[in-house]
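In: Let me see the structure of the following:
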Amino acid sequence: MACRIKRERLSYGRFFFRFPNGESASDVYDRITGFRETLRSDIDSSRFGRFQDEDDGDINLVVVSHGLALRVFLMRWYKWSVEQFNLVRNPTNCEIILMSRGSGGRFSLIDENDTAMSEAYARDLGLDDLMISDQ
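Out: This is a model prediction of the structure:
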């Protein structure tokens, strides 16, 4: 049974394959879209302003999720294609993925001043040259 499911998944595609009694990454994408839009709107409208540090105006948000949903969130946030999504590995248990707002207000997975957010780390996640250049 497990071998048959793995063969089906490979032939159907990892993003679109739905496990029995489960959901596909495509299903998760639909759910994440609403969350992402609300989060983006809340950030842009300073809805979290009352929690900001008065010294620097920055906000910190923590999103806790399992690996697939986190990958799909990043896919949705950075507008990755299905092919790019398939390049990125699932985060390990308790792995932290940090998105830092750079100059210009854009969130990035890479920060030259932080070794935990280096280009090497992005490559370890599976980001390709195009995805890295978009950071």
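In: Which residue ranges of this protein form helices?
Out: For the chain, the helices defined by DSSP state H cover 2-12, 25-44, 67-78, 82-87, 119-125, 129-133.
In: Please work out which of those is packed deepest.
Out: Stretch with highest mean neighbour count among the helices of the chain: helix 67-78 (a mean of 20; mean count of other C-beta atoms under 10 Å). Placement of C-beta: from N, CA and C, glycine included.
In: hang on, the earlier thing: mind putting the helices of the chain in JSON lines, distance to Asn60 included?
Out: Output for those, formatted as JSON lines (distance: least, C-beta to C-beta, whole Å):
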{"stretch": "helix 2-12", "distance to Asn60": "37"}
{"stretch": "helix 25-44", "distance to Asn60": "12"}
{"stretch": "helix 67-78", "distance to Asn60": "17"}
{"stretch": "helix 82-87", "distance to Asn60": "26"}
{"stretch": "helix 119-125", "distance to Asn60": "19"}
{"stretch": "helix 129-133", "distance to Asn60": "24"}
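In: Looking at these, which is nearest to Cys94?
Out: Cys94 lies closest, by C-beta to C-beta, to one member of the helices of the chain: helix 67-78, at 10.6 Å.
In: and that closest one, average pLDDT?
Out: Average pLDDT, helix 67-78: 94.
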